[in-house]
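Student: 3D, please:
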Amino acid sequence: MTHHILKATTSTVHLGGFSHLLEPALIVESGDTIDVETYSGYHVYDKAPQEFLTQEFIDICENLPAERKVAGGPHLLTGPIYVQDAEPGDVLEVELQAIAPRLSIGFNAIRSGWGALPQQFPQPALRFIPLDLVNNFAEFPAGSGIKIPLKPFFGILGVATDDASRTSVPPGAYGGNIDNRQLQAGSRLFLPVFLPGALFSIGDGHSAQGDGEVNVTAIETSMNGRIKLKLRKDLQLTTPIAETSTDMITMGFAETLDEALELALKNMIDYLECFANLTPEDAYVLCSLAVNFHITQVVNSPQKGVHGMLSKSILPKSML
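Tutor: From the prediction side, this is the model:
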């Protein structure tokens with residue numbers, strides 16, 4: 001196993017989407033670990049205070065090559081990372097070993113026409129929010145005494161598909177803009193592989209987010225992480241599954257919350273059939289008795305997200 005360092009530079013990040021045509025930023029073997037840098041705020045850097053900026057970030061914003069601007073999404077992603085021997089039909093296990101803000105400031109933005117209440121809040125708004133990294137909270141609004149605990153995670157974890165210019169905004173079977181706040185350090189995400197090498201990218205750091213992410217953004221934060229990428233040729237998945245220290249998580253992405261809930265439920269039933277050897281009906285009943293369904297996000301148009309959480313404490317053994 002090898003440990004790598006992947007810094008965010010004009011040759012290792014890409015903007016706005018995923019593409020199998022991008023030159024890999026790094027090539028690794030299954031089981032390798034990577035210290036990875038990510039930046040957020042490409043479209044607001046010219047409005048940012050000095051503490052939000054680094055020279056490397058400014059260089060990315062001003063000199064990113066045209067070929068690394070993939071699609072119209074707002075996200076800067078680090079990657080893609082090519083995993084040797086990964087083939088379509090495999091599963092890529094992404095172990096999130098460490099996640100930490102790289103700067104003591106993040107931002108929140110309301111985008112005109114986006115969010116859960118676009119008619120009520122039609123005007124764009126941008127706020128930069130200081131992060132107390134010593135005491136692990138953000139006070140918002142400033143001076144209010146309201147202290148939001150920092151629980152950092154990466155909003156986007158995904159692999160490439162045969163779409164050469166897939167926007168980074170909606171999530172899907174490939175992962176992408178999942179925005180699931182449960183995927184903190186210590187969790188694992190399992191992604192279906194669609195292309196040779198998997199071509200995994202990561203970014204969209206969030207220091208804190210509520211379920212729903214209702215105004216379009218969280219505390220968007222440039223983030224450092226340590227990940228381990230492992231091929232799972234013993235698994236077959238058609239949609240992402242995640243595991244935290246306490247729960248197994250299935251996900252559903254669709255244009256309505258009703259449809260997303262149905263998919264998250266069906267995926268949990270499939271999981272219980274496959275890994276717990278339950279009948280479909282028993283799995284359906286267990287979901288009603290013991291699975292908690294949460295709104296992941298409602299703003300990554302056209303896909304809303306719902307995730308189901310099954311406590312591992314009731315399971316007789318590990319199931320992935």
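Student: can you give me the strands in the stretch 101-250 of the chain?
Tutor: 105-110, 125-130, 137-139, 147-149, 153-159, 166-167, 171-172, 175-177, 188-192, 200-206, 223-232, 241-243, 247-254 (DSSP state E, counting those that start in this stretch).
Student: figure out which of those strands is closest to Val214.
Tutor: When the strands of the stretch 101-250 of the chain are ranked by proximity to Val214, the top entry is strand 105-110, at 10.2 Å, counting by Cβ to Cβ. C-beta here means a position set from N, CA and C on the backbone, and glycine is covered the same way.
Student: can I get the strands of the stretch 101-250 of the chain in JSON lines with mean neighbour count, distance to Ala8 and mean pLDDT?
Tutor: Listed next are the strands of the stretch 101-250 of the chain as JSON lines, based on neighbours: other Cβ atoms under 10 Å; distance: least, Cβ to Cβ, whole Å; pLDDT from 0 to 100:
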{"stretch": "strand 105-110", "mean neighbour count": "21", "distance to Ala8": "16", "mean pLDDT": "98"}
{"stretch": "strand 125-130", "mean neighbour count": "15", "distance to Ala8": "20", "mean pLDDT": "98"}
{"stretch": "strand 137-139", "mean neighbour count": "19", "distance to Ala8": "23", "mean pLDDT": "98"}
{"stretch": "strand 147-149", "mean neighbour count": "13", "distance to Ala8": "26", "mean pLDDT": "98"}
{"stretch": "strand 153-159", "mean neighbour count": "28", "distance to Ala8": "13", "mean pLDDT": "98"}
{"stretch": "strand 166-167", "mean neighbour count": "20", "distance to Ala8": "20", "mean pLDDT": "97"}
{"stretch": "strand 171-172", "mean neighbour count": "22", "distance to Ala8": "22", "mean pLDDT": "98"}
{"stretch": "strand 175-177", "mean neighbour count": "28", "distance to Ala8": "18", "mean pLDDT": "98"}
{"stretch": "strand 188-192", "mean neighbour count": "22", "distance to Ala8": "20", "mean pLDDT": "98"}
{"stretch": "strand 200-206", "mean neighbour count": "28", "distance to Ala8": "9", "mean pLDDT": "98"}
{"stretch": "strand 223-232", "mean neighbour count": "20", "distance to Ala8": "9", "mean pLDDT": "98"}
{"stretch": "strand 241-243", "mean neighbour count": "23", "distance to Ala8": "24", "mean pLDDT": "98"}
{"stretch": "strand 247-254", "mean neighbour count": "23", "distance to Ala8": "27", "mean pLDDT": "98"}
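Student: next, format the ones you listed as JSON lines and append distance to Val70.
Tutor: Below are the strands of the stretch 101-250 of the chain laid out as JSON lines (distance: least, Cβ to Cβ, whole Å):
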{"stretch": "strand 105-110", "distance to Val70": "21"}
{"stretch": "strand 125-130", "distance to Val70": "24"}
{"stretch": "strand 137-139", "distance to Val70": "31"}
{"stretch": "strand 147-149", "distance to Val70": "32"}
{"stretch": "strand 153-159", "distance to Val70": "12"}
{"stretch": "strand 166-167", "distance to Val70": "8"}
{"stretch": "strand 171-172", "distance to Val70": "15"}
{"stretch": "strand 175-177", "distance to Val70": "12"}
{"stretch": "strand 188-192", "distance to Val70": "18"}
{"stretch": "strand 200-206", "distance to Val70": "10"}
{"stretch": "strand 223-232", "distance to Val70": "20"}
{"stretch": "strand 241-243", "distance to Val70": "25"}
{"stretch": "strand 247-254", "distance to Val70": "20"}
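Student: looking at those strands, spot the one closest to Asp46.
Tutor: For these, proximity to Asp46 was assessed by Cβ to Cβ; strand 125-130 is nearest, at 11.1 Å.
Student: so what pLDDT did the residue lying closest to Leu133 once chain neighbours are set aside get?
Tutor: Nearest non-adjacent residue to Leu133, counting by Cβ to Cβ, 6 or more residues apart in numbering: Ser104, 5.3 Å away. With respect to pLDDT, Ser104 has a value of 98.
Student: which ones are touching Ser104?
Tutor: Residues in contact with Ser104 (Cβ atoms under 8 Å, 6 or more residues apart in numbering) are Glu51, Pro130, Leu131, Asp132, Leu133.
Student: re earlier: compare the strands of the stretch 101-250 of the chain and give me the one nearest Tyr82.
Tutor: Judging the strands of the stretch 101-250 of the chain by Cβ to Cβ, what sits closest to Tyr82 is strand 200-206, at 8.3 Å.
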